[in-house]
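Asks: Predicted model and sequence below, questions to follow.
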Amino acid sequence: MKTGLRSQALYRAADLRNIETVAADQPLMERAGLAAADLATSLCRLQGGALLVLAGPGNNGGDAFVAARHLRERRFAVSMVFVGELGRLPKDAAAACRRFIDDGGSVLESIPSGQCWALIIDGLFGIGLQRPIGGFHSELVLAANTLAARDRCPLLALDCPSGLDADTGKLCGETIRASHTITFIAAKPGLFTADGPDHCGSISVATLDLNAERLAKATARTIGTDLFVDCLRPRAKNSHKGSHGSAGILGGASSMVGAVFLAGRAALRLGSGRVYLGLLDRQAPAIDPVQPELMLRQPDALLAAGLSALACGPGMGSSDQAVALLERASSLDLPLVLDADALNLLAGENRLQQAVVVRRAPTLLTPHPAEAARLLGCDTPFVQSDRAGAALAIAKRYQAMVVLKGCGSVIATPAGHWFVNTSGNPGLATAGSGDVLSGFIVALLAQGWPALETLLAAVHLHGAAADELVASGCGPVGLTAGELIDSARAGFNRWLANGR
């Protein structure tokens, strides 16, 4: 498991435009094109091989012209394709085009046939795309994807793959599927969430000699261990089980007891001193034979057990009993995690909503997109069209810390802060994965971690555990939720040992 991964600032397009305005006296396009040319050179399998560069009608096209000029100077055979009116290019992009032509380059209107490409550069549309790509530009995007697959060559996107909304990760029509993306000045949230990871490939940031965080406040951040490093303290030798809190997990209606067992095992192995399970199924076993250290209780006994933190929802069902228990749980003065069925009950019960909103102790909600849609009273596509916006809306409406799970999970706070997780892989798309995450969250809360740091660390650790398993040859296909638990335990202990 990687250690020491630092968070990085994320900026929406509007914020980056402001930074560019402040730095208007600096040669940003020249720096961007040079950085792209340097990366392109390192990616080319054949020194002097044929390169295809696609330029669009805006400043992203200008970056492409600069990159193409530098690559020609390095003796690459560059085919520059531009569709549009050269006379309508923005000022800096027009100057970059003229210099490319003055240095001997030529501009084509279509992709040459019969050529095998060593590299393709996408400079069609950057972060300013406001509508779906159409017409011949759409055909160029499709051709670039097809040729990159045919020739098995890198496809390098400049700033953002054309067709991807850099703010949200939403697709705007036909979209470049890059193997590499070099993004300029600072990272953008849409590269890391929703459809972004499937279209960006390996992401690098070229700052263009600017310090974005000195010029503008970051919109958000990716998650890194630096955001919770102060909580990563080795345990005192003079400690006992009571020193590490008592976690409770409420759920497990008929035929769904396994969800609570998974969460309980995760909580125990992530360090909670005691873990109590409250099972709604009256026919449930009296012991978990795989993890006998877990203490099974009737739901009423669980809520009276003097817990340090409580998670509700795994396998909870939607019975009247579940509603009543959840209402009682919401009244307890301790950190509360609501997941799965608890979220669906919350979405449908006004009394529960009011009980949650007025809580003084921390509340943490962990919806997947469909649950998030229920919490907001909308549909899932709406949530997925702006995952950060949806997470922030839930956090504000319910006055809770929120993780909107999915590709690039988004963590949001009621105060409007948000974060995007970059760990994890498709192996997490398996039954019980969310129950394990709930167990990690309640374990850290029980050990006294603050709510925000708990959510950041648990989500990041959950994904990192899956990454470690895939790296070792286990998954992503067929990875099971239970396998995440020991991988996370090992990774968490490495974090503690390294202090990061």
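Replies: Cool, got the structure. Numbers count the residues shown, from 1 in each chain.

Asks: Now do the same contact list for the closest residue to residue 372 other than its chain neighbours.
Replies: Excluding its sequence neighbours, the residue lying closest to residue 372 (C-beta to C-beta, 6 or more residues apart in numbering) is residue 383, at 4.8 Å. C-beta coordinates here come from the backbone N, C-alpha and C atoms, glycine included. By C-beta atoms under 8 Å, 6 or more residues apart in numbering, residue 383 lies in contact with 369, 372, 373, 376, 390, 404.

Asks: Pop the domain breakdown of the protein in here.
Replies: Using automatic domain parsing, the domain parsing of the chain gives 9-220, 225-498.

Asks: Tabulate those domains in a markdown table, adding columns for mean pLDDT.
Replies: Converted to a markdown table, these look like this (pLDDT from 0 to 100):
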| stretch | mean pLDDT |
| --- | --- |
| domain 9-220 | 95 |
| domain 225-498 | 97 |
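
Asks: List the ones among the contacts of residue 383 that fall in strands.
Replies: Using DSSP state E, residue 404 are the members of these that sit in strands.

Asks: between the contacts of residue 383, which is nearest residue 431?
Replies: For those, the minimum distance to residue 431 (C-beta to C-beta) is 16.5 Å, reached by residue 369.

Asks: All the strands of the stretch 201-350 of the chain, residue numbers only.
Replies: Using DSSP state E, counting those that start in this stretch, the strands of the stretch 201-350 of the chain run over 202-206, 220-222, 246-251, 274-279, 295-297, 309-312, 336-338.

Asks: how about TSV for those strands, with mean neighbour count and distance to residue 30 added?
Replies: Listed next are those as TSV, based on neighbours: other C-beta atoms under 10 Å; distance: least, C-beta to C-beta, whole Å:
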stretch	mean neighbour count	distance to residue 30
strand 202-206	16	12
strand 220-222	23	28
strand 246-251	31	56
strand 274-279	25	59
strand 295-297	18	66
strand 309-312	31	53
strand 336-338	31	51
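
Asks: which stretch among the ones you listed comes nearest residue 43?
Replies: Comparison of those against residue 43 by C-beta to C-beta identifies strand 202-206 as nearest, at 9.7 Å.

Asks: Tell me which residues touch residue 79, please.
Replies: Going by C-beta under 8 Å, 6+ apart, residue 79 touches 50, 51, 52, 53, 108, 111, 112, 115.

Asks: try residue 156
Replies: Contacts of residue 156 by C-beta under 8 Å, 6+ apart are 36, 39-40, 43, 119-122, 178-182.

Asks: Make TSV out of the residues you listed and add secondary structure and distance to residue 102.
Replies: Listed next are the contacts of residue 156 as TSV, based on DSSP: H, G, I helix; E, B strand; the rest coil; distance: C-beta to C-beta, whole Å:
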residue	secondary structure	distance to residue 102
36	helix	20
39	helix	25
40	helix	21
43	helix	27
119	strand	24
120	strand	25
121	strand	20
122	strand	24
178	coil	30
179	coil	32
180	strand	29
181	strand	29
182	strand	25
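
Asks: before we move on, the earlier item: what's the closest of the strands of the stretch 201-350 of the chain to residue 421?
Replies: Of all the strands of the stretch 201-350 of the chain, strand 220-222 sits nearest to residue 421, with 7.4 Å by C-beta to C-beta.

Asks: Contacts only, for the residue nearest the centre of the chain.
Replies: In the chain, the residue lying closest to the centroid (C-alpha atoms, centre = their mean) is residue 408, at 1.9 Å. Residues near residue 408 by C-beta under 8 Å, 6+ apart: 169, 192, 193, 194, 196, 197, 387, 420, 421, 422.

Asks: Which single one of those residues is nearest to residue 247?
Replies: residue 421 (22.3 Å).

Asks: mind checking how far the closest one is from residue 222?
Replies: Using C-beta to C-beta, to the nearest Å, we find residue 421 at a distance of 7 Å from residue 222.

Asks: What of residue 175?
Replies: Distance of residue 175 to residue 222, computed by C-beta to C-beta: 22 Å.

Asks: what about residue 397, neighbour count?
Replies: 16 (other C-beta atoms under 10 Å).

Asks: Repeat that for residue 236.
Replies: For residue 236, the count of nearby residues is 7 (other C-beta under 10 Å).

Asks: now do residue 417
Replies: Counted with other C-beta under 10 Å, residue 417 comes out at 16.

Asks: show me what contacts the residue lying closest to it once chain neighbours are set aside?
Replies: Using C-beta to C-beta, 6+ apart and skipping residues adjacent in sequence, the residue nearest residue 417 is residue 220, 7.5 Å away. Neighbouring residues of residue 220 by C-beta under 8 Å, 6+ apart: 9, 10, 189, 388, 417, 418, 419, 420.

Asks: May I have the beta-bridge partners of residue 220?
Replies: residue 10 (DSSP bridges).

Asks: Please renumber the chain so that the first residue is 87 from this point on.
Replies: Okay, residue one is now 87; in that scheme the one you just asked about reads as residue 306.

Asks: for the stretch 487-586 of the chain, what spans make up the helices?
Replies: In the stretch 487-586 of the chain, the segments counted as helices under DSSP state H, counting those that start in this stretch are 519-532, 537-557, 567-584.

Asks: Ok, the stretch 287-436 of the chain next?
Replies: Going by DSSP H, counting those that start in this stretch, the stretch 287-436 of the chain shows helices at 298-301, 343-355, 385-389, 406-416, 427-434, 436-443.

Asks: Show me what the last one is packed against.
Replies: To tie it back to what came earlier, the one meant is helix 436-443. Identification of packing neighbours for helix 436-443 by 3 or more C-beta pairs under 8 Å, 6 or more residues apart in numbering; DSSP states H and E yields helix 406-416, helix 427-434, helix 473-484.

Asks: Dump those helices to JSON lines, plus distance to residue 148.
Replies: Output for these, formatted as JSON lines (distance: least, C-beta to C-beta, whole Å):
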{"stretch": "helix 406-416", "distance to residue 148": "55"}
{"stretch": "helix 427-434", "distance to residue 148": "47"}
{"stretch": "helix 473-484", "distance to residue 148": "29"}
